[in-house]
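A.B. asks: Make a model of this:
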Amino acid sequence: MAEIEVRRASGEDLVPRFRVTVTDEDGSASVHEVTVSLADFERLGRNFRALDEFVRACLQFLLEREPKELILPSFDVSTISSYFPEFEDTISRASPH
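C.D. replies: Next comes the predicted model:
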């Protein structure tokens, strides 16, 4: 299973930015810049205590559907449902592991 490291890349902005590093068991890694609006977090991430937990769950959702190399290098969480229509329903029912 891939390791997902989430670090906040910006301060208390209206659209927080995270730097996410995904590392496979073989040591190969990919880096992604992820933004999530506070409105999307309130709407979709109500089961998560913190933004970083929510962002980690979003990356886990993507990794269950595609390899890390296919995940966009920079994206907003709101765009995930454009590629995976089930995203909003799935993530809003998810809980932190």
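A.B. asks: E53: neighbour count?
C.D. replies: Residues contacting E53 under the criterion other C-beta atoms under 10 Å number 17. The C-beta positions use only the backbone N, C-alpha and C, and glycine is treated the same way.
A.B. asks: helix or strand for it, which one?
C.D. replies: Per DSSP states H and E, E53 falls inside helix 51-63.
A.B. asks: Please put the alpha-carbon coordinates of that helix into CSV.
C.D. replies: Output in CSV follows, covering the C-alpha atoms of helix 51-63 (Å, rounded to 0.1, in the frame of the first residue of the first chain):
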residue,chain,number,x,y,z
LEU,A,51,-8.4,19.3,6.3
ASP,A,52,-5.3,17.1,6.0
GLU,A,53,-7.2,14.0,6.9
PHE,A,54,-9.8,14.8,4.2
VAL,A,55,-7.1,15.5,1.6
ARG,A,56,-5.4,12.1,2.5
ALA,A,57,-8.8,10.4,2.1
CYS,A,58,-9.2,12.0,-1.3
LEU,A,59,-5.9,10.7,-2.5
GLN,A,60,-6.6,7.3,-1.1
PHE,A,61,-9.9,7.4,-3.1
LEU,A,62,-7.9,8.2,-6.3
LEU,A,63,-5.2,5.5,-5.6
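A.B. asks: Output the contacting helices and strands for it.
C.D. replies: Under the contact definition 3 or more C-beta pairs under 8 Å, 6 or more residues apart in numbering; DSSP states H and E, helix 51-63 sits against strand 3-8, strand 17-23, strand 29-35, helix 38-44, helix 80-83, helix 87-93.
A.B. asks: Need these in JSON lines (columns: distance to Q60).
C.D. replies: Formatted as JSON lines, the helices and strands packed on helix 51-63 follow (distance: least, C-beta to C-beta, whole Å):
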{"stretch": "strand 3-8", "distance to Q60": "7"}
{"stretch": "strand 17-23", "distance to Q60": "10"}
{"stretch": "strand 29-35", "distance to Q60": "12"}
{"stretch": "helix 38-44", "distance to Q60": "14"}
{"stretch": "helix 80-83", "distance to Q60": "12"}
{"stretch": "helix 87-93", "distance to Q60": "10"}
